[in-house]
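Visitor: structure, please.
(one chain, ligands or ions: 1)
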Amino acid sequence: MMARKQATEAPAVSNGSPKKRSSADSDDHDVKRPRLQESTDKARWRLSSEGGRHTWHYLEDDEATKQWPQSYADKYFLGMPLELPELPKATNPLDAVRNGLTFFEKLQLPEGHWGCEYGGPMFLLPGVVIARYVTKNPVPWYYATEIKNYLFARANPVDGGWGLHIEGESTMLGTTLNYTTLRLVGVGADHPVMVKARATMHKMGGAIYAPHWAKFWLTVLGIMKWDIVNPVPPELWLLPDWVPIAPWRWWIHMRQVFLPMSYLWSKKWQAEETDLIRELRNELFVEDWNKIDWAGNRNTIHPNDNYHPKTAFLNTVNWLLVNIWNPVFRTKYLVEKAEAWASELIDMEDENTDYSDLAPVNAAMNTVCCYVRDGPGAYSVRRHVERLDEVLWVNAEGMLCNGTNGVQCWDTAFAIQAIMDAGLTEDPRWRPMLIKSLEFLEDQQIRENVKDQDKCYRHPRKGAWAFSNKDQGYAVSDCVSEALKSVIILQKTPGFPTLIDDQRIFDAVDTMLTYQNPSGACSSYETPRAGQWMEVLNAAEVFGNIMVEYEYPECTTAVLTTLSLFKKHWPNHRTAEIDNFITRAVKWIKSNQKPHGGWYGNWGICFTYATMFALESLASVGETYENSKYAKKGCDFLIAKQREDGGWSESYKACETGEYVEHPTGSQVVMTAWALIGLIKAKYPDIEPIKKGIKLIMDRQQPSGEWLQEAIEGVFNKSCMISYPNYKFSFPLKALGLFATRYPDEKVV
Ligand code: LAN
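Guide: Numbers count the residues shown, from 1 in each chain. Okay, the predicted model is just below:
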């Protein structure tokens with residue numbers, strides 16, 4: 001079946017620049033197929049950061065490698081040896097903090113923030129590679145090579161497929177898209193990795209069993225036909241705002257993905273047919289491609305992908321759209337109007353983010369939309385392609401796609417807080433590192449609301465911080481809070497400059513105050529604009545709780561903790577509103593406690609994560625183990641989960657099942673730190689279990705001062721896991737530091 005030779009044997013490009021092939025070769029597009037190598041030379045990779053924008057560069061020129069030496073951070077991210085001297089063994093928690101900071105300081109980027117890989121989801125990289133392929137901007141050979149290496153490394157060791165995320169079982173979403181990605185970057189179909197993956201894909205029924213998003217991408221590529229894609233009508237954008245299901249009410253990630261998808265669906269656009277696409281039509285399916293019943297397989301899906309089965313209501317709506325709406329009512333006038341409005345909304349998103357867009361999914365789709373609309377050479381396409389590079393990351397395994405364009409503001413905020421909790425902010429040893437972090441946060445504060453805020457349905461953001469950087473510019477309630485908390489802490493420390501004046505601090509607080517829902521809780525990017533019932537329209541199949549904003553303990557507690565701190569320093573700013581906010585938030589947090597005493601975490605795994613934030617926030621209003629039954633119950637919950645060795649260990653399965661589940665690999669440093677922070681903040685009276693946990697963290701510290709990567713830490717939409725590699729620094733440091741300041745005379749080892 002597989003005729004094509006491996007690209008390694010037949011290089012089509014050299015060093016990224018296309019070579020001419022014979023005129024008999026009509027497949028112009030394929031000329032640019034990259035030349036794959038076994039591996040790149042890791043010593044040639046460099047991470048650059050400009051204004052918080054990360055890009056990885058491969059220096060092919062020897063002279064350039066001398067001019068731009070590799071930093072510790074580069075080497076660390078790439079998994080290269082750092083050859084650092086052994087630090088004197090820490091004999092107490094504060095020395096362990098110092099050792100940890102000595103290492104972590106080396107990872108601080110020159111602009112003052114921390115970066116890291118932010119992988120986990122396995123459906124992001126395909127979007128970037130497909131967008132580049134269909135817009136005829138194929139990835140350069142060194143990206144292609146490392147993408148191949150990463151995907152090879154991440155293939156399921158047993159069946160050779162890929163999952164929704166790196167720890168998950170093989171799914172059709174992961175397997176069809178990553179198989180296709182490998183082929184697009186130049187891997188031959190007869191490579192053993194591909195043969196194995198294909199066998200699994202076929203065993204699972206072939207690509208017709210893929211979920212909606214995979215069907216969408218494969219159709220854009222021309223491997224499937226539009227009839228197999230459930231309708232994504234841009235007409236929904238024409239609904240008046242008062243209509244309960246109007247898309248502006250959906251969770252921002254869903255509507256920003258739906259938007260470009262609907263544009264391309266409406267255009268029924270497909271990429272130029274190439275040899276490779278024709279080959280993939282033979283490879284991805286069990287049945288003869290020419291005989292596939294496309295329309296009849298719209299709802300065909302493999303059980304592994306069907307985390308959230310479509311409702312009977314949605315299936316009926318889809319049926320009506322396909323059989324009645326599209327053929328009868330979808331007039332040319334309506335189509336043009338809907339496409340024009342969708343296109344304008346896409347432009348607003350691109351302009352507001354300078355083409356980096358909310359996240360890699362819509363960034364890749366918007367790229368294709370601009371190509372379809374503006375043509376190959378357009379600025380919009382070129383800028384998109386440039387910015388897509390900012391979500392790519394190189395690690396020891398190869399090149400992956402980050403969940404966002406970085407973790408800049410978020411991780412920097414936690415690094416500062418860790419140093420503060422250790423009581424080291426005034427120590428001159430750490431001052432340069434802290435000053436640089438403060439300068440970064442100053443630079444990254446968002447100063448204005450977006451242009452046409454109401455027209456493009458954006459939430460206010462003046463004074464806020466985003467999770468990554470200000471270019472992306474999406475305020476999130478807890479990102480504003482954690483960054484502001486860190487700024488206040490530093491600026492109120494003697495000897496630190498006031499880079500952010502009071503007015504800018506008030507701007508941040510004013511934006512934070514917009515986030516409270518009638519219940520007292522906070523959501524992520526916006527206040528909820530519709531109820532959970534909207535999940536009846538969840539068409540993505542692979543995710544749960546994705547259609548609207550929900551109320552999150554992490555977000556609510558972060559705002560609460562920061563407002564409590566703010567109030568101490570500025571008691572007269574919007575006093576009544578802040579007091580009222582705090583009272584209602586505390587009430588909600590208490591109501592959100594589970595009967596077992598823990599809180600369910602939506603963004604970190606899982607009960608341990610949210611319980612830490614909840615206990616910390618209760619402590620910020622003076623509620624601790626001694627005087628609050630909620631804090632006591634939270635502590636008792638954590639203590640009940642402590643393991644024999646003093647650590648905690650929660651598995652991502654807890655996020656899926658809603659029950660505390662232990663990780664099979666035993667105690668985890670990050671989880672242990674989370675639990676300890678909660679206990680110490682809540683002033684848990686018995687020091688022994690806390691000491692045991694602290695000892696575990698100290699024992700796991702390496703002679704270089706670092707901690708090693710353990711199981712994955714983060715999650716979204718209940719089913720998809722995501723890595724937060726800097727958590728293994730910030731949270732253990734914070735736990736050790738809190739212990740050291742709370743019990744300065746206590747001996748642990
Ligand atoms: C994130 C990352 C950060 C995270 C926290 C700040 C930790 C959280 O407290 C609030 C929500 C937020 C901002 C968040 C939301 C969803 C994101 C953006 C992600 C988990 C990273 C990737 C994910 C995004 C949805 C991935 C793209 C997938 C789609 C389903 C569109």
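Visitor: please enumerate the strands of this protein.
Guide: Per DSSP state E, the chain carries strands over the ranges 13-14, 17-18, 45-50, 53-58, 392-394, 399-401, 714-716, 720-722.
Visitor: rounded mean pLDDT for the first one, please.
Guide: Yep, that's strand 13-14 we're talking about. The pLDDT scores in strand 13-14 average 31.
Visitor: and the strands of the chain, which is most packed in?
Guide: Neighbour counts averaged per stretch over those are highest for strand 399-401, at a mean of 26; criterion: mean count of other Cβ atoms under 10 Å. Bear in mind the C-beta positions are built from the backbone N, C-alpha and C, glycine included.
Visitor: and that strand, what does it pack against?
Guide: Taking 3 or more Cβ pairs under 8 Å, 6 or more residues apart in numbering; DSSP states H and E as the contact definition, the neighbouring helices and strands of strand 399-401 are helix 125-134, helix 141-153, strand 392-394.
Visitor: where does the residue lying closest to residue 712 once chain neighbours are set aside land on pLDDT?
Guide: Among residues not flanking residue 712 along the chain, residue 721 sits closest, at 4.7 Å (Cβ to Cβ, 6 or more residues apart in numbering). Taken from the predicted model, the pLDDT recorded for residue 721 is 90.
Visitor: and the nearest residue to residue 683 once chain neighbours are set aside, what does it touch?
Guide: In this structure, residue 683 finds its nearest non-sequential neighbour in residue 624, 4.3 Å apart by Cβ to Cβ, 6+ apart. Listed by Cβ atoms under 8 Å, 6 or more residues apart in numbering, the contact set of residue 624 reads 618, 631, 681-683.
Visitor: around residue 260, how many other residues sit close by?
Guide: The number of residues packed near residue 260 is 28, by other Cβ atoms under 10 Å.
Visitor: and for it, nearest residue in space, chain neighbours not counted?
Guide: residue 365 (3.6 Å).
Visitor: so which of the helices and strands packed on strand 399-401 is nearest residue 74?
Guide: Taking Cβ to Cβ as the measure, the helices and strands packed on strand 399-401 were each checked against residue 74, and strand 392-394 came out nearest at 9.0 Å.
Visitor: what sits up against that closest one?
Guide: By Cβ under 8 Å, 6+ apart, the surrounding residues in contact with strand 392-394 are 45, 47, 54-56, 77-78, 117-119, 128, 143, 146, 399-402.
Visitor: who in the stretch 151-300 of the chain is up against the ligand?
Guide: 253, 257 (Cβ under 6 Å from any ligand atom).
Visitor: same check, this time on the chain
Guide: Within the chain, the positions near the ligand by Cβ under 6 Å from any ligand atom are 253, 257, 359, 361, 403-404, 410, 467, 476, 478-479, 524, 543, 554-555, 603, 716, 722.
Visitor: now, the residues you listed that are in helices?
Guide: Secondary structure of these is defined by DSSP state H; positions in helices are 253, 257, 361, 410, 478-479, 554-555.
Visitor: how about the residue of the stretch 551-700 of the chain found nearest the ligand, phi and psi?
Guide: Closest contact between the stretch 551-700 of the chain and the ligand, by Cβ to the nearest ligand atom, is at residue 603 (3.9 Å). When quoted as degrees, to the nearest 10, the phi and psi of residue 603 stand at phi -120, psi -10.
Visitor: what are the buried residues along stretch 149-156?
Guide: Neighbour-count burial for stretch 149-156, with 16 or more other Cβ atoms under 10 Å as criterion, is recorded at 149-152, 154-156.
Visitor: what's the spacing between that stretch and its chain's center?
Guide: Stretch 149-156 sits 19 Å away from the centroid of its parent chain (Cα atoms, centre = their mean, to the nearest Å).
Visitor: surely the residue nearest to residue 712 touches residue 167?
Guide: Yes. A contact is recorded between residue 721 and residue 167 when judged using Cβ atoms under 8 Å, the distance being 5.6 Å.
Visitor: name the residues contacting each of the two.
Guide: Counting by Cβ under 8 Å, 6+ apart, the contacts common to residue 721 and residue 167 are 652, 712.
Visitor: what number of residues lie near the closest residue to residue 510 other than its chain neighbours?
Guide: Nearest non-adjacent residue to residue 510, counting by Cβ to Cβ, 6+ apart: residue 463, 6.5 Å away. By other Cβ under 10 Å, 24 other residues sit near residue 463.
Visitor: how about the one 4 residues further on?
Guide: Other residues lying near residue 467 total 26 when counted by other Cβ under 10 Å.
Visitor: can you read off the pLDDT for it?
Guide: Residue 467 is assigned a pLDDT of 98 by the prediction.
Visitor: that one contacts residue 413, correct?
Guide: No. In terms of Cβ under 8 Å, residue 467 does not count as a neighbour of residue 413; the distance is 10.0 Å.
Visitor: common neighbours of those two, please.
Guide: When contacts are counted by Cβ under 8 Å, 6+ apart, residue 467 and residue 413 have residue 479 as shared neighbours.
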